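In: Take a look and give me a structure for this.
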Amino acid sequence: MNIHEYQAKEIFRDHGLPVPPGDVARTPDQARSIAERYGGTVVVKAQVHAGGRGKAGGVKLADSPDEARA
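Out: Model prediction:
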């Protein structure tokens, strides 16, 4: 079974396991809004069924809501 990271986090939460905060953005504007809510540096991750997404550029740090949107 292939599930995305955000789906796995939901399952863990449902079973009472501690999970770092996070949200799913489906648009750049949603990513900006979420980053604004969290404040500080956030991590924007592509949700794909593939290994090595960090090396492929699918994980980015954003120091501001505008960077998260970009």
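In: Against residue 52, how distant is residue 41?
Out: With the distance defined as Cβ to Cβ, to the nearest Å, residue 41 ends up 23 Å from residue 52. For glycine as for every other residue, the C-beta is placed from the backbone atoms N, C-alpha and C.
In: which helices and strands does whichever helix or strand residue 68 is part of pack with?
Out: Assigned by DSSP states H and E, residue 68 falls within helix 65-69. Helices and strands touching helix 65-69, by 3 or more Cβ pairs under 8 Å, 6 or more residues apart in numbering; DSSP states H and E, are helix 28-38.
In: which strands and helices sit next to the helix it packs on?
Out: Partner elements for helix 28-38 (3+ Cβ pairs under 8 Å, 6+ apart): strand 42-45, helix 65-69.
In: and that helix, average pLDDT?
Out: Averaged across helix 28-38, the pLDDT comes to 96.
In: So which bits of it are buried?
Out: 31, 32, 34, 35 (16 or more other Cβ atoms under 10 Å).
In: quick one: contacts of that helix?
Out: 21, 23, 25, 42, 44, 62, 64-70 (Cβ atoms under 8 Å, 6 or more residues apart in numbering).
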